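In: Let's see this in three dimensions:
(chains A and B)
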There are 2 protein chains.
Amino acid sequence: MTVKTTTELLYAKKYAQIKKELNEMNSVDLAELLEQFSQESMVILFRLIAKETAAEVFTNMNTERQQALISTFTEKELKDIFEDMFMDDTVDILEEMPANVVERILDVTDKETRSRINELLQYPQDSAGSIMTTEYVDLKKTMTVREAIAKIKRVGIDQETIYTCYVIENKKLLGIVTAKSLLLNEENVRIGDLMETHVISVRTHDDQEEVSKLFQKYRLISIPVVDTENCMVGIVTFDDAMEVYQEEMAEDIALMAAVQPSDDSYFGTSVFNHAKHRILWLLFLMLSATITGTIISRYEETISAIPLLVSFIPMLMDTGGNCGTQSSTLVIRGIATDEIRFGDLFKVAFKESRIALIVGAALALVNGLRIILMYQDPRLAILLGVSLMCTVYLAELIGCMLPLLAKKVHLDPAIMAAPLITTIVDTCSIMIYFAIATHLFAL
Amino acid sequence: MTVKTTTELLYAKKYAQIKKELNEMNSVDLAELLEQFSQESMVILFRLIAKETAAEVFTNMNTERQQALISTFTEKELKDIFEDMFMDDTVDILEEMPANVVERILDVTDKETRSRINELLQYPQDSAGSIMTTEYVDLKKTMTVREAIAKIKRVGIDQETIYTCYVIENKKLLGIVTAKSLLLNEENVRIGDLMETHVISVRTHDDQEEVSKLFQKYRLISIPVVDTENCMVGIVTFDDAMEVYQEEMAEDIALMAAVQPSDDSYFGTSVFNHAKHRILWLLFLMLSATITGTIISRYEETISAIPLLVSFIPMLMDTGGNCGTQSSTLVIRGIATDEIRFGDLFKVAFKESRIALIVGAALALVNGLRIILMYQDPRLAILLGVSLMCTVYLAELIGCMLPLLAKKVHLDPAIMAAPLITTIVDTCSIMIYFAIATHLFAL
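Out: Numbering: from 1, shown residues only, chains lettered A, B, ... in the order given. Next up, the predicted model:
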């Protein structure tokens, strides 16, 4: 159903038809549709959604709309929604809500759930514990496949996934059994004989980014989370891992563009906040760039003598910046995907040096030809050729080494991207350029 | 098992122990381990792997190693490996192998498989058809849950996933049934009553990037692929969708850094190829930057009169570049995540204009104070204040609009990133700067 047809039906008060059509949509599309209406219409539409999918639709809406809905909910409605919700989604929502709303939600949840929520809320942000859910199917190794399937039939509807079941003994994780092996094996086989005991698991305090990398590497659907005593406390499912991956990517890309990362979308961020996220880096980089300016001002005499020299500054600065951007970006990606480690520093530097030789020579050659044709001045061609080669060489080297050094001192390598590298390379290339120029033209 | 212990065991010829330890590892780790050995040792180790996992380990190795292994395989071994492999993995491998290897592989596959492989090989690169597999569980709507489970028991072992089964009638896709609902429902319920008929599907020629977005949006484990007549031809599973997502991200990031994207890893790319992927953009950008140089050379008299003016060029150029990078990166991300569309052009431009006002004013203020303190020259402060504000404004506007315009003319928005925007903004900011300077200082 589109926004337009829904609006028409709402206007005509054809609620029965709206209800029928809404309930043919899936929860993601429903959430998207509802978000486009005014609060008043949204509340009406939300009440027309089938009870079974209401919690899921609610989970998929943005924080602002969730808060608006909660403010119109009766205690009974609030209780129903949050009872149907998975634990990790509840915790996600609670983390975004103001204190009074959190209190209202906790008031309607039963004592046991409340204490589990409070436990989950205590895990550090960005840890495996903070994204896990406590709803999973646990089996005993003495069970048969028949008994295991009976248990899934009994409890499965409330679990986030039933496709991996966890074999537990004294709270400890012994192994996993997939729904596939339950379906493919005979009913009287023991779970203990069926389970896979080499289980990939994570600790509650592991970084969520590492968790998401395990999902990608081993193509998992879910991963068990254990505490320091190896007791099973929850699972992370692949949809949450994928979300983490996307968030981390967005964060890296923002940092690489010298923008302070934020969880909000482009349109969801106010003009003032956009400015705030950009201004500090810009100020820092602007003031750093004045160093390059200071170097230039030392060569005022040279410039007065040959003003033409100035006109090559943009080309030199841009080329240095671009080379630095290329090598730093590739190295930052390599670090993020675990291909490049700090131990590879010299290997990477050696590789980039050789690349710089080829690239620098090619650029110097093309530029030399251009200058000979335009100015018929071989000294100028030599000056720019040598400056370009040095700039390219330095840019590639700085570009590949700074991200690795940042990693070593536990900074995010992504901050060593284009903008910062450009500023550093600028200073170096201008120094080289004028130093060679004064020598070559004997100024 | 680590490389070191494996080497020791190999040297001591303790094959039985190696075999035991290898077979406790999972296929991803095994592939990673084997890749670190010389070809000779790798072949020995590979032969010690259990037959059931050999195909999976082989699938997880890189192309170079796969080719080396194939060259040592007997026809029988080749047949065994490729018989155990999923269709989509076979096609992936065939696409990377030289013609004579492809021929050897096709020779050992049976006629039916060969004709299915040939069909899959014909789908355009980057299409849903090229990443799908034809191995899935199909059910009839007249079956009961008991019959469906019996069918899964019979054919499930060879299918890439059994967690979503597809209800087919006359080759047409009627609906889907999840393993969860099979496990949670009574044995005599009919599949027709159980199936979900609002199925999200893709066409064989749909772009793989769009397919991967559907997985993220709807948190799918697999998605059915249908042809133009709505007949079901295969499925794409979430691991392949995740791989596509990663590839597309890597491609975008490379493009944004003015590097021609490639599928190979950093170390897997030769120095020459690295240089080749970078040089064209660098040349293009270098020659574009000479335009800025030409503009500067028109103001040689101004520069001779006040050489100090030159020292502010780097700051102005860098700030313009950084602002352009910030806005273009955010807009490129917004386009990639479908948040920003071409229709939002004016909305985005208006937002960026307001951001530019705040950012520009702040930068001009800080810089003005610095100039007053350092040079006690209010005219210089005004010149740079106005130039900075204009530069920031133009940079934000160009940075946000070019990616959207690129999208409109079906170019990849990622090419309108930092490097290109920087070059364009440079030209504009230098023009503004010198125009204001000649007026203000009456030169």
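
In: When you work out contacts or count neighbours from here on, use the C-alpha atoms and nothing else.
Out: OK.

In: for the stretch 1-150 of chain A, which spans come out with low pLDDT?
Out: Applying pLDDT under 70 to the stretch 1-150 of chain A flags no residue at all.

In: helix/strand/coil for whichever residue of it sits closest to chain B?
Out: As assessed by Cα to the nearest Cα, chain B sits closest to A:V28 within the stretch 1-150 of chain A, at 6.5 Å. Using DSSP: H, G, I helix; E, B strand; the rest coil, the structure places A:V28 in helix.

In: Give the burial count for it, as a bare number.
Out: Using other Cα atoms under 10 Å in any protein chain shown, A:V28 has 17 neighbouring residues.

In: check contacts around it.
Out: Contacts for A:V28 (Cα atoms under 8 Å, 6 or more residues apart in numbering or on different chains) come out as A:57, A:60, B:217-218.

In: Looking at those residues, which are in helices?
Out: When DSSP state H is applied, those are split such that A:57, A:60, B:217-218 fall in helices.

In: Whichever of the contacts of A:V28 end up buried, select them in ChimeraX.
Out: Filtering the contacts of A:V28 down to the buried ones (16 or more other Cα atoms under 10 Å in any protein chain shown) takes a single ChimeraX command:
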select /A:57,60
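
In: circling back to that earlier point, closest one of the ones in helices among the contacts of A:V28 to B:K180?
Out: B:Y218 (17.0 Å; Cα to Cα).

In: And the pLDDT for that closest one?
Out: Looking at B:Y218, its pLDDT reads 88.

In: what's the closest non-adjacent residue to it?
Out: Computed as Cα to Cα, 6 or more residues apart in numbering or on different chains, the closest residue to B:Y218 that is not its neighbour in sequence is A:V28, at 6.5 Å.

In: mind checking how far that neighbour is from B:V57?
Out: 37 Å (Cα to Cα, to the nearest Å).

In: likewise A:V348?
Out: Following Cα to Cα, the distance that separates A:V348 from B:V57 is 29 Å.

In: per-residue confidence for the residue positioned nearest the centre of chain A?
Out: Central residue of chain A (Cα atoms, centre = their mean): A:E248, 1.7 Å from the mean position. Per-residue confidence at A:E248 stands at 85 (pLDDT).

In: repeat for A:L443
Out: Model confidence at A:L443 (pLDDT) stands at 64.

In: ok, A:D158 - contacts?
Out: A:E135.

In: So for stretch A:265-282, what gets flagged as buried?
Out: Going by 16+ other Cα under 10 Å, stretch A:265-282 has these buried residues: A:266, A:271, A:274-282.

In: Which member of the ones in helices among the contacts of A:V28 is positioned nearest A:I149?
Out: B:Y218 (27.1 Å).

In: quick revisit: which ones among the buried residues of stretch A:265-282 also lie next to chain B?
Out: A:266, A:271, A:274-275, A:278-279, A:282 (Cα under 8 Å from any Cα of the partner chain).

In: check contacts around whichever residue of the stretch 301-443 of chain A sits closest to chain B.
Out: Going by Cα to the nearest Cα, chain B is nearest to A:S311 of the stretch 301-443 of chain A, at 4.0 Å. The neighbourhood of A:S311, defined by Cα under 8 Å, 6+ apart, consists of B:290, B:292-297.

In: now A:T72
Out: A:V43.

In: Please parse chain A into its domains.
Out: A:3-122, A:138-254, A:271-440 (automatic domain parsing).

In: Mind checking which of the ones next to chain B among the buried residues of stretch A:265-282 are in helices?
Out: A:271, A:274-275, A:278-279, A:282.

In: Pipe the residues you listed into JSON lines and attach pLDDT and distance to B:D193 per row.
Out: JSON lines is the format used below for those (pLDDT from 0 to 100; distance: Cα to Cα, whole Å):
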{"residue": "A:V271", "pLDDT": "85", "distance to B:D193": "52"}
{"residue": "A:H274", "pLDDT": "85", "distance to B:D193": "51"}
{"residue": "A:A275", "pLDDT": "84", "distance to B:D193": "55"}
{"residue": "A:R278", "pLDDT": "85", "distance to B:D193": "55"}
{"residue": "A:I279", "pLDDT": "83", "distance to B:D193": "59"}
{"residue": "A:L282", "pLDDT": "82", "distance to B:D193": "61"}
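
In: The residue nearest to the centre of chain A and A:V211 touch, don't they?
Out: No: using Cα atoms under 8 Å, A:E248 is not in contact with A:V211, being 11.9 Å away.

In: per-residue confidence for the closest residue to chain B within the stretch 151-300 of chain A?
Out: Relative to chain B, the nearest point of the stretch 151-300 of chain A is A:G293 (4.1 Å; Cα to the nearest Cα). The per-residue pLDDT reported for A:G293 equals 83.

In: So what's the gap between the one helix or strand A:L405 maps to and the chain middle?
Out: Using DSSP states H and E, A:L405 falls within helix A:378-408. Its chain's average C-alpha position is 31 Å from that of helix A:378-408, according to Cα atoms, centre = their mean, to the nearest Å.

In: what does stretch A:69-83 give?
Out: 31 Å.

In: what does stretch A:419-434 contact?
Out: In contact with stretch A:419-434 (Cα under 8 Å, 6+ apart) are residues A:256-258, A:285, A:288-289, A:291-292, A:295-296, A:299, A:313, A:316-317, A:320-322, A:324-325, A:328, A:383-384, A:387, A:390-391, A:394-395, A:398-399, B:314, B:318, B:322.

In: averaged over its residues, what pLDDT does it have?
Out: Here the average pLDDT along stretch A:419-434 is 86.

In: Of the contacts of stretch A:419-434, which belong to strands?
Out: Among those, no residue falls in strands (DSSP state E).

In: Among those residues, which ones are in helices?
Out: Per DSSP H, the subset of these in helices is A:256, A:285, A:288-289, A:291-292, A:295-296, A:313, A:316-317, A:320-322, A:324-325, A:328, A:383-384, A:387, A:390-391, A:394-395, A:398-399, B:314, B:318, B:322.

In: list the buried ones in stretch A:119-133?
Out: Buried residues in stretch A:119-133 (16+ other Cα under 10 Å): A:120-121, A:127-133.

In: any chance of those residues in TSV, plus distance to chain B and secondary structure?
Out: Below are the buried residues of stretch A:119-133 laid out as TSV (distance: Cα to the nearest Cα, whole Å; DSSP: H, G, I helix; E, B strand; the rest coil):
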residue	distance to chain B	secondary structure
A:L120	23	helix
A:L121	24	helix
A:S127	21	strand
A:A128	19	helix
A:G129	21	helix
A:S130	20	helix
A:I131	16	helix
A:M132	16	coil
A:T133	16	strand
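
In: which one of those sits closest to B:T2?
Out: For those, the minimum distance to B:T2 (Cα to Cα) is 26.5 Å, reached by A:A128.

In: surely the closest one meets A:V226?
Out: No: contact between A:A128 and A:V226 fails when scored by Cα under 8 Å: they sit 9.6 Å apart.
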